[in-house]
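1. Just a sequence and a predicted model for now, questions to come.
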Amino acid sequence: MVATTALSEERSACSLQESPETAPVILWLQGGPGSSSMMGLFTESGPFVITDTGIPKLRESTWTRSFSVLYVDNPVGAGFSFTGKEQGYARNETDVGRNLLEALQQFFTLFHELAENEFYVAGESYAGKIADWSTV
């Protein structure tokens, strides 16, 4: 899970938002299933683009100017997500949704100042099914 907006004093220099404390929160799911949301972060809507030389540079147009965007590698095991226990991996679609919901609950526990902000789920392809499973 990667939060692209600065949520603390120490990271405020990285913030690209005008008002992060009231910005709506978007959960971005890449789809797949099993595709890393880092693709969306670095090639579609994130604050940085990776240049041909491998150096990140600020993107001119990014969702993070107006929203707090959470890029989640889902299901567990996709992209940079991992677990140290075999039972942490999803065995069916209900597990995928349940794991995602638990991750969101943990996120909003850590960043409770965002819990009252508007919340949206966005993604592409198979992400629509994943978002639906998290309501189980």
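-> Looks like it arrived, so ask away. All figures in this text were calculated on a predicted structure; none of them were measured in a lab.

2. Which parts of this protein are strands?
-> 2-3, 25-29, 48-50, 56-58, 68-72, 119-123 (DSSP state E).

3. Now tabulate those strands in JSON lines and tack on mean pLDDT, distance to Gln87 and mean neighbour count.
-> C-betas here are computed from N, CA, C, even on glycine. Below are these laid out as JSON lines (pLDDT from 0 to 100; distance: least, C-beta to C-beta, whole Å; neighbours: other C-beta atoms under 10 Å):
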{"stretch": "strand 2-3", "mean pLDDT": "50", "distance to Gln87": "25", "mean neighbour count": "16"}
{"stretch": "strand 25-29", "mean pLDDT": "92", "distance to Gln87": "23", "mean neighbour count": "24"}
{"stretch": "strand 48-50", "mean pLDDT": "89", "distance to Gln87": "35", "mean neighbour count": "15"}
{"stretch": "strand 56-58", "mean pLDDT": "90", "distance to Gln87": "36", "mean neighbour count": "11"}
{"stretch": "strand 68-72", "mean pLDDT": "91", "distance to Gln87": "20", "mean neighbour count": "25"}
{"stretch": "strand 119-123", "mean pLDDT": "89", "distance to Gln87": "26", "mean neighbour count": "17"}
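
4. Out of these, which gets nearest to Tyr89?
-> strand 68-72 (15.5 Å; C-beta to C-beta).

5. Can you name the residues that contact Pro24?
-> Neighbour list for Pro24: Ser66, Phe67, Ser68, Asn117, Glu118, Phe119, Tyr120 [criterion: C-beta atoms under 8 Å, 6 or more residues apart in numbering].

6. Could you dump the residues you listed into TSV and include distance to Gly77?
-> Shown next, in TSV, are these (distance: C-beta to C-beta, whole Å):
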residue	distance to Gly77
Ser66	31
Phe67	27
Ser68	25
Asn117	29
Glu118	30
Phe119	25
Tyr120	25
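
7. Spatially, which two of the residues you listed are the most separated?
-> Ser66 and Phe119 (14.3 Å).
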